[in-house]
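Trainee: Using only what follows, build the 3D model:
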Amino acid sequence: MKDLDLMTLRLFVAVCDTRSIARVAEREHIVPSAISKRLAQLEQDMACKLLQRVRRGVEPTTAGQTLSEHARGLIGAAQRVTADMASYTSGAAGLVRLAATTSSVAESLPDDMASFLKMPAHQAIRINVQELVSRDVVRALHEGSVSLGICWDAADLSGLQTLPYRSDHLAIVTHATHPLAKHKALSFAETLGFDQVSLPAASAVQLLLVRAAATAGQSITYRAEVSTFEAALRVVRSGLGISVVPKEVAQPLAKAFNLRIIELRDDWARRRFAICFRDAQTLPAAARLLAE
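Mentor: Presented below is the predicted three-dimensional model:
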């Protein structure tokens, strides 16, 4: 099979959308016969009928509909490539692809990125952020789909180079009327008799809590599972349970949600995060600037 031509695919998709070769020809300033020739060659390359004549023009066959769906994906991918590479022209520094954990995205990363991007020397840099759990951040780095990662430094970072980033403090959050709300500090084991609101099982916080409960010879009673820290705080506000979240995330919402933040005495409650990459020597310039 011959390589697909993007221009032909664009014309094919346009014909599928408009149901008219003549209309596409007028819009693209191409003679209709030239489009027809391209489409005939496309059918020959695909070895199947892609368009059929109808009363008021043409419409895709079943095979044509399938090709149209694939073509739209290819065209979209090509447009993204063009946009990304445009970052390297006219003095632009480029695009940085970054994978980060939920905790770092919920805490200080957006402010740190904003400070970086607002610097005059960085006006032409763009950052694409993927929110992943720590193990998937590491996987994305090894696979090369991102240049930088930010994750908990307790993750398996073998094969990666790292720089220290920030730290946070896990805490118990309860509603003001909860029996534990009067405490200023507790160990996690002292909370296991109460219903809890959890994050997804694969999240770094939840894995940490499951191990801590097992060490204490107990189990966690879950009343609800949610996908974000803010959602956990909203469930706690409703009185359905307590939750373990970074104190840095809970503090801005505590007063509005009528919540109490209780420090965790456990050593593991203080977490450190790392900036990770495969090799500083091969980092693109924009990614190196952001890491620094």
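
Trainee: Tell me which residue lies farthest from the centre of the chain.
Mentor: Most distant residue from the mean C-alpha position of the chain: residue 55, 46.4 Å away (C-alpha atoms, centre = their mean).

Trainee: Wasn't residue 39 part of a helix?
Mentor: Yes - under DSSP: H, G, I helix; E, B strand; the rest coil, residue 39 sits within a helix.

Trainee: That one reaches residue 52, doesn't it?
Mentor: No - the criterion here is C-beta atoms under 8 Å, and residue 39 misses it with residue 52 at 11.8 Å. C-beta here means a position set from N, CA and C on the backbone, and glycine is covered the same way.

Trainee: So for those two, which sits in the more crowded spot?
Mentor: residue 39 (19 against 11; other C-beta atoms under 10 Å).

Trainee: need the contact list for the more buried one.
Mentor: By C-beta atoms under 8 Å, 6 or more residues apart in numbering, the residues touching residue 39 are 8, 11-12, 15, 21, 50-51.

Trainee: Kindly recompute the last result at 7 Å.
Mentor: By C-beta atoms under 7 Å, 6 or more residues apart in numbering, the contact list for residue 39 reads 12, 15, 51.

Trainee: could you point out which element follows the top strand by length along the chain?
Mentor: Longest strand of the chain, by residue count under DSSP state E: strand 161-175. Downstream of strand 161-175, the first helix or strand assigned by DSSP states H and E is strand 185-186.

Trainee: Which residues outside that next one are in contact with it?
Mentor: 172, 180, 262-265.

Trainee: what does stretch 68-76 give?
Mentor: 6, 9-10, 12-13, 16, 60.

Trainee: do stretch 130-150 as well
Mentor: Stretch 130-150 has contacts (C-beta under 7 Å, 6+ apart) with 96-102, 104-105, 109, 151-152, 155-157, 159-160, 165, 202-204, 273, 275-278, 283-284, 287, 290-291.

Trainee: redo that, cut-off 8 Å
Mentor: Residues from elsewhere that reach stretch 130-150 (C-beta under 8 Å, 6+ apart): 96-102, 104-105, 109, 151-152, 155-157, 159-160, 165, 200, 202-204, 273-278, 283-284, 287, 290-291.

Trainee: Where does the closest residue in space to residue 147 that isn't next to it in sequence sit, in terms of helix or strand?
Mentor: Closest residue to residue 147 apart from its sequence neighbours, by C-beta to C-beta, 6 or more residues apart in numbering: residue 287 at 4.0 Å. Under the criterion of DSSP H and E, residue 287 resides in helix 285-291.

Trainee: Tell me which residues of that helix come out buried.
Mentor: Residues 286-291 are the ones in helix 285-291 that count as buried (16 or more other C-beta atoms under 10 Å).

Trainee: Can you convert those into CSV and add a column each for pLDDT?
Mentor: Converted to CSV, those look like this (pLDDT from 0 to 100):
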residue, pLDDT
286, 89
287, 91
288, 90
289, 90
290, 92
291, 92
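
Trainee: I'd like those written out as JSON lines, with distance to residue 247 added.
Mentor: Below are those laid out as JSON lines (distance: C-beta to C-beta, whole Å):
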{"residue": "286", "distance to residue 247": "33"}
{"residue": "287", "distance to residue 247": "30"}
{"residue": "288", "distance to residue 247": "32"}
{"residue": "289", "distance to residue 247": "30"}
{"residue": "290", "distance to residue 247": "26"}
{"residue": "291", "distance to residue 247": "26"}
